[in-house]
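> fold the following.
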Amino acid sequence: MDNYALTSVIIVNYNAGQLLTDCVRSVLTSSVPVEVFVVDNASTDQSMWQVHQTVGYEPRLHLIENPKNMGFAAAANQVLTQTQGEFLVFLNPDCLVKPDTFERFQETLQQHPQAGMAGCLVRNLDGTEQAGCRRSVPSPWRSVVRVLHLDKLFPQHEKFQSFVLTQNPMPNEAVEIEGISGACMVVRREALNEVGAMDETYFLHCEDLDWFMRFHASRWRILFIPMIEISHVKGACSNHQPVQVLWYKHRGMVKFYRKFFQQRYPLPLMWGVTLAVWLRFSVLALKTLLLRH
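All right, here's what the predicted structure looks like:
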């Protein structure tokens, strides 16, 4: 263990219930030195109390409770100055890691000094690969391709490729990629200091996409490491307010498009894409409300 650097794990919690305790306990079994910061965004369940009761006194664990929901990026950023690790892990509270997960991340990143961030193979509870754990940046054009299923009409054409790479063959080694899963992002301290923290103007969702763009702009590479696997109960923290989560997600996409693609695309196309985003939100929100009633 002494040969490995300290890893700082940041977990932003919102009503994750028992999953939060399971997540924290899995992190504390790590084979490398860890410090764990759980930042709670005014949860209304007993998740933080459960961690305190189950884990008990643990000097490596720091629990921070916010009086209101600050959003994911702001909550994660607020403890950055308290962290000491050479590597930082931004981990969802509904994830489970293995004892050697962070050890293997460190070993791979040490072999790739130009990599500022890394992700891994994220699996659903049934063992399937989770969509989004390896992806390209969803530019406006790629989003149009996915919505209209143009990738299925022209599967071999490079101009009509979806940003979701789940259908591609799984690589057998660490590969450079445009985007990883926001559920588990391992970041090198040196890269964080250069790129800066996540953009707090995204309340929930898309702050990871923004970060990927900024890492690439600063010439830091992002790795996908298929040999490392974690489990993720996707949506566990968002099931309580599904329409509100949809709202934040779609509002974040509009902000993301305007921030990074406004100057690259003709204005009419950007208007069309923005309209399509809000139409999609309306359809999904209506469907969600109907299913709940």
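> residues in contact with stretch 41-58: which ones?
12-21, 24-25, 28, 38, 40, 61, 63, 65-72, 75, 93 (CB atoms under 8 Å, 6 or more residues apart in numbering). Backbone N, C-alpha and C define where each C-beta goes, glycine included.
> distance from the chain centre to that stretch, please.
Mean-position distance between stretch 41-58 and its chain equals 22 Å (CA atoms, centre = their mean, to the nearest Å).
> now do stretch 187-207
On CA atoms, centre = their mean, the centre of stretch 187-207 falls 11 Å from that of its chain.
> tell me the buried residues in it?
Using 16 or more other CB atoms under 10 Å as the test for burial, stretch 187-207 gives 187-189, 191-192, 195, 198-200, 202-207.
> tell me the one of those nearest Q106?
Distance to Q106 across the buried residues of stretch 187-207 (CB to CB) is lowest for R188, with 9.9 Å.
> so that closest one makes contact with E86?
Yes: counting by CB atoms under 8 Å, R188 touches E86, with 7.5 Å between them.
> next up, phi/psi of Y57, please.
In terms of degrees, to the nearest 10, the main-chain angles of Y57 are phi -70, psi 120.
> typo on my end, it should be A131
According to degrees, to the nearest 10, A131 has phi -60, psi 130.
> number of residues surrounding it?
Residues near A131, counting by other CB atoms under 10 Å, number 15.
> tell me the average confidence for stretch 95-113?
What stretch 95-113 shows for mean pLDDT is 98.
> how far does it sit from the chain's center?
For stretch 95-113, the distance to the chain centre is 16 Å (CA atoms, centre = their mean).
> how about that stretch: buried residues?
C95, L96, V97, K98, T101, F102, E103, R104, F105, Q106, T108, L109.
> list the contacts of the fifth one.
For T101, the contact set (CB under 8 Å, 6+ apart) comprises S30, C120, I228, I230.
> do you know the pLDDT at the first one?
Read that as S30. The model's pLDDT for S30 equals 98.
> backbone dihedrals for it, both of them.
phi -60, psi 150.
> run a quick neighbour tally on the spatially closest residue to W220 that is not a sequence neighbour.
Closest residue to W220 apart from its sequence neighbours, by CB to CB, 6 or more residues apart in numbering: G116 at 3.1 Å. Counted with other CB under 10 Å, residues neighbouring G116 total 26.
> list the buried residues for stretch 207-225?
For stretch 207-225, by 16+ other CB under 10 Å, it's 207-216, 220-225.
> nearest to V147, of these?
L209 (16.7 Å).
> point out where the stretch 1-150 of the chain drops to low pLDDT.
1-2 (pLDDT under 70).
> can you pull out the helices in it?
Secondary structure of the stretch 1-150 of the chain (DSSP state H, counting those that start in this stretch): helices at 18-28, 47-55, 72-77, 101-111, 140-147, 150-153.
> looking at the ones you listed, which one is packed in the most?
Mean neighbours per residue, mean count of other CB atoms under 10 Å, is largest over the helices of the stretch 1-150 of the chain for helix 72-77, with a mean of 23.
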